[in-house]
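S.K.: Fold the following and give me the result.
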Amino acid sequence: MAAPDTPSSPYLVLARKYRPVSFSTLIGQDAMVQTLDNAFRQNRIHHAFVLTGVRGVGKTTTARILARAFNYEDASGKHPTLDLDVEGVHCRAIIEGRHVDVIEMDAASNTGIGDIREIIDSVKYAPASAPYKVYIIDEVHMLSTQAFNGLLKTLEEPPPYVKFIFATTEIRKVPITILSRCQRFDLRRVTPDVMTVHLQDLLAKEAIPAEPEALAMIVRAGEGSVRDNQSLLDQAIAHGNGTVTAATVKAMLGLGDRARIIDLFEDLLGGRIAEALQTLRSLYDAGADPQTLVADLADFTHLVTRIKVVPAAADDASLTPDERHRGADMAAKLSMRALTRAWQILFKGYDEVARAGNAIQAAEMVLIRLAYAADLPSPDDLIAKLANQPAPALPPMAPLPPRVPSGGSSALRQEVPQRAPALAPPQSQPSVPSALARIESYAELIALAGAKRDIVLKIALESSMRPIAFTQGSIEVALSDGTDPAIIATLSARLQAWTGERWLVNVSNKAPEGKTLREERVAREQAAHAQAHDDPLVQAILETFPGAKVVNVKLRDDAATALPETIAPPEPEEDDE
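M.R.: Sure thing, here's the model as predicted:
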């Protein structure tokens, strides 16, 4: 391990100072290490590897360790191994990134076919001193399509002394032709318990005291990334002047007090909106970000839901004592309906706060919505009440029921909350409507089809049928050319369903004469357009504004007279050139 820094030497951040140099010091990737160990023991070492995972889980570090393993050489000779506790001949140069046979390339800044062509040309030459020539390409998904295509042949059949190691955070952007030529390893996020032990080990080596709650906050914020956690720990040490406390980490991350977040959650789900708003304001005045507070509430909602579904989730090492004990208590009290509704409101509210001009006001509105919606009945409850519960005997001008004392509804007050009885139809009302539709004309039939939202039938009545005769219970129509005759059976079935009577729908044998309703409407509109265009006032306007056109005409209901509704502006003149 690196020696303590002297005052004259530049400071080395924790992520670099304690970077793993062997698989024994690599944390959280046991499955990958076991697979590689078996492959090395059986001498089944692939020539190309692709490492994928989120930022900071150790992709580039693993690539460098693999380069050491390939080129391990000691007094007994050259032999690949994963036992790297004792440095070999080439290990120090590889660790420091200066070995001539281990070439690292950043694909983010070397994306073209020219960069890959340099690799293809250099592959022809054997390694200078190490057993293998190792090419490490970071962020390989950034390579261009031509670069990937240029690499295919060399990647599939490289010389026996060449190894390729690719690293990427966007595995889906890597062509399948590349992935099929590599062994793929998915590096996992490091679990909170392993990460907590790792940070405690770093602090012990640095002789820096830390509070467990502060480490839990850092582990949660790091989201399983080793580098992120080490960087946050570095920042917390500097922020706390050599100590890591919960108070300094809260201030550094802009977090609200975790216990007060739980208090806020209890107030909201208990309907105590006044107390909740006061807590929100006090956290805001203390420096907490409104969007972060909403995110913390959503995070705690998720935790309570997980504990309700999987009680063992309360044993997570990254949880604070308040989260562990009070979360389990609320998981027992709250229904799943209340928790899922709270999650949906907070999830949508997070984006609202982000977009709002005044974040604290938007956050308050989200909390008010949550407090009042926490105990609303579900759609199933409403349907059940409407179907089974008789209508309450209320006076015509009954006053509104009083609010709960603090203003919100309560999801914590009782397991089965009491709600105001819902209105229901009278018991005497039949399940089937007593008054069915009565159709007196073809136009009323079209209007009824539109009211029933049967768009297909409505269009057919307007565009594909011409009414010949219409009486109560009987219709005779002529079909336009190309109309599917099955529409007649559909019309008959709809008429019986809508009116409760059987209708006789006949198709006329005569050749269709006249126009359909749609054709008649189009003809009226065209006539109105022509009439409007010939109007003296419109002609005067068109002459005053050269290039203007009548584009729309509105028909009056009481006459066939048409007036211009819109006159388009003149079109721009085109240049002679």
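
S.K.: buried residues in the helix or strand where Val353 lies?
M.R.: For Val353, the host element (DSSP states H and E) is helix 336-355. Neighbour-count burial for helix 336-355, with 16 or more other C-beta atoms under 10 Å as criterion, is recorded at 337-339, 341-343, 345-346, 349-350, 352-353. Backbone N, C-alpha and C define where each C-beta goes, glycine included.

S.K.: Tell me the helix or strand right after that helix.
M.R.: As assigned by DSSP H and E, the chain's next helix or strand after helix 336-355 is helix 359-373.

S.K.: average pLDDT for that next one?
M.R.: What helix 359-373 shows for mean pLDDT is 90.

S.K.: next one: stretch 515-523
M.R.: Mean pLDDT, computed over stretch 515-523, is 78.

S.K.: Buried residues in that stretch, which are they?
M.R.: Of the residues in stretch 515-523, those buried (16+ other C-beta under 10 Å) are 516-517.

S.K.: could I get the buried residues of helix 336-355 as CSV with pLDDT and distance to Glu87?
M.R.: Shown next, in CSV, are those (pLDDT from 0 to 100; distance: C-beta to C-beta, whole Å):
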residue, pLDDT, distance to Glu87
Arg337, 86, 60
Ala338, 87, 59
Leu339, 90, 54
Arg341, 89, 59
Ala342, 90, 55
Trp343, 92, 52
Ile345, 92, 57
Leu346, 93, 52
Gly349, 92, 55
Tyr350, 92, 49
Glu352, 92, 56
Val353, 92, 53
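
S.K.: Nearest to Gly150, out of those residues: which one, please.
M.R.: Closest to Gly150 out of the buried residues of helix 336-355 is Tyr350 (44.5 Å), distances taken as C-beta to C-beta.

S.K.: For the stretch 201-350 of the chain, which residues score under the pLDDT cut-off?
M.R.: 254-257, 317-318 (pLDDT under 70).

S.K.: so where do the strands sit in it?
M.R.: With strands called from DSSP state E, counting those that start in this stretch, the stretch 201-350 of the chain shows none.

S.K.: hmm, back to that, and the buried residues of helix 336-355 as TSV, adding distance to Ala523?
M.R.: Rendered in TSV, the data for the buried residues of helix 336-355 read as follows (distance: C-beta to C-beta, whole Å):
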residue	distance to Ala523
Arg337	58
Ala338	61
Leu339	62
Arg341	56
Ala342	60
Trp343	58
Ile345	55
Leu346	58
Gly349	55
Tyr350	56
Glu352	52
Val353	57
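
S.K.: who are the neighbours in contact with Arg369?
M.R.: Going by C-beta atoms under 8 Å, 6 or more residues apart in numbering, Arg369 touches 345, 349.

S.K.: In contact with the residue nearest in space to the middle of the chain, which residues?
M.R.: For the chain, the residue nearest the mean C-alpha position is Phe347 (10.3 Å; C-alpha atoms, centre = their mean). Shown in contact with Phe347 (C-beta under 8 Å, 6+ apart): Ala298.

S.K.: who's in contact with the host helix or strand of Gly150?
M.R.: Gly150 belongs to helix 145-156 when elements are defined using DSSP H and E. For helix 145-156, the surrounding residues in contact (C-beta under 8 Å, 6+ apart) are 48, 111-113, 115-117, 119-120, 123, 143, 164, 174-175, 177-178, 181-182.

S.K.: cool, and stretch 311-320?
M.R.: 192-193, 195-196, 213, 216, 219-220, 258-259, 303, 306-307, 324-325, 327-328, 331.

S.K.: all helices for the stretch 351-500 of the chain, in order.
M.R.: Using DSSP state H, counting those that start in this stretch, the helices of the stretch 351-500 of the chain run over 359-373, 379-388, 442-451, 455-463, 486-499.

S.K.: With the stretch 201-350 of the chain instead?
M.R.: Using DSSP H, counting those that start in this stretch, helices in the stretch 201-350 of the chain cover 212-222, 226-239, 246-253, 258-269, 273-285, 290-309, 321-333, 336-355.

S.K.: what angle sits between the first one and helix 321-333?
M.R.: Relative orientation of helix 212-222 and helix 321-333, computed by axes from the mean of the first three to the mean of the last three C-alpha atoms, to 10 degrees: 70 degrees.

S.K.: now do the fifth one
M.R.: Using the same axes, to 10 degrees, the direction of helix 273-285 lies 150 degrees away from that of helix 321-333.

S.K.: pull the CA atoms of helix 273-285 into PDB?
M.R.: What follows is helix 273-285, C-alpha atoms only, in PDB (Å, rounded to 0.1, in the frame of the first residue of the first chain):
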ATOM      1  CA  ILE A 273     -50.400  18.700   6.900                       C
ATOM      2  CA  ALA A 274     -49.800  21.800   9.000                       C
ATOM      3  CA  GLU A 275     -47.000  20.100  10.900                       C
ATOM      4  CA  ALA A 276     -45.600  18.600   7.700                       C
ATOM      5  CA  LEU A 277     -45.400  22.000   6.000                       C
ATOM      6  CA  GLN A 278     -43.700  23.500   9.100                       C
ATOM      7  CA  THR A 279     -41.100  20.600   9.000                       C
ATOM      8  CA  LEU A 280     -40.500  21.200   5.300                       C
ATOM      9  CA  ARG A 281     -39.900  24.900   5.900                       C
ATOM     10  CA  SER A 282     -37.500  24.300   8.700                       C
ATOM     11  CA  LEU A 283     -35.500  21.800   6.600                       C
ATOM     12  CA  TYR A 284     -35.500  24.200   3.700                       C
ATOM     13  CA  ASP A 285     -34.300  27.000   6.000                       C
END
